[in-house]
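Trainee: I would like to see how this sequence folds:
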Amino acid sequence: MVINMKMIKIEKFILLVLVLSLFSLQSVKSLGVSRPLPIDLRLLRGDTARFTFQIQAVTSADKLSCTYRPTALDPIMITFDQNEAIVDAGTLKDIYGTITVPNDAPIKLYNGNLELTCGPYVEVKDFSGSIIHQTINVMFPIEVVLQKEQRIAREIPLPEIEKSKASPIILVLIIIVLTLAIVGFYMSKKKKIE
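Mentor: Down below sits the predicted model:
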């Protein structure tokens, strides 16, 4: 009889998760994540640096359960302050981590990714989880260099504004209006003197 009660609980939980996950399908689609900051990471061998990124559930209708992991960054070690995050509906969640570059890491640009997997958070007594998940990959490049170069402010080219060419008719009209204004001003001064 005890085994049957456990089976009934498990079946109820699975049914509840299925129903809630189907209603929460839209919330998974409304997930966003920012690129890890700082964006331009240049580190020496043996360096350690902090970084942050943001899980964005602003348009989500449900609380989300999220996990994250770096990919394609070996042998660089990434550790997070939290291994998973619960993000309330309609909010942003900041995630912090630490990058450690081993002393023998090859000097090169590592074009890694941050893989974020989230799903609607379901919590029932003795059980929690989600069956619908969405995975987002965000670029996370890290460059291991021999020496840190001075960062030179890059000039961002401004888009060229196309200069409008005034038509000759408009220029002639402007000259006529200015001439009439000057003549009118001169004539009004002359009448006051007389």
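
Trainee: where does the nearest residue to E84 once chain neighbours are set aside fall, secondary structure wise?
Mentor: Nearest-residue entry for E84: T67, 4.8 Å, with adjacent residues in sequence omitted and distances by Cβ to Cβ, 6 or more residues apart in numbering. In this view, the C-beta of every residue, glycine as well, is placed from N, C-alpha and C. Assigning secondary structure by DSSP states H and E places T67 in strand 64-71.

Trainee: what about the residue nearest to E84, distance to T59?
Mentor: According to Cβ to Cβ, to the nearest Å, T67 stands 21 Å off from T59.

Trainee: those two: which is more packed in?
Mentor: The residue with more neighbours, out of T67 and T59, is T67; 16 against 13, by other Cβ atoms under 10 Å.

Trainee: report the beta-bridge partner residues of the more buried one.
Mentor: E84, T117 (DSSP bridges).

Trainee: K93 now?
Mentor: Going by DSSP bridges, K93 forms beta bridges with I55.

Trainee: which ones are touching it?
Mentor: 54-55, 57, 66, 85, 87 (Cβ atoms under 8 Å, 6 or more residues apart in numbering).

Trainee: and it, what pLDDT?
Mentor: You'll see K93 listed with a pLDDT of 94.

Trainee: likewise for S60?
Mentor: On the pLDDT scale, S60 gets 82.

Trainee: so it touches A89, yeah?
Mentor: Yes: at 4.9 Å, S60 counts as touching A89 under the criterion of Cβ atoms under 8 Å.

Trainee: okay, these two: which has more neighbours?
Mentor: Under the criterion of other Cβ under 10 Å, the comparison of S60 against A89 puts S60 first, with 24 against 17.

Trainee: from I95, how far off is that one?
Mentor: On the measure of Cβ to Cβ, S60 and I95 end up 16 Å apart.

Trainee: just P36 next, same as before
Mentor: 9 Å.

Trainee: got the contact list for L146?
Mentor: 44, 107.

Trainee: so, low pLDDT: which residues of this protein?
Mentor: 1-30, 123-132, 149-173, 189-194 (pLDDT under 70).

Trainee: make it 80
Mentor: Scanning the chain with the threshold set as pLDDT under 80 gives 1-31, 122-133, 148-178, 181-194.

Trainee: which parts of it are helices?
Mentor: 2-23, 25-29, 168-193 (DSSP state H).
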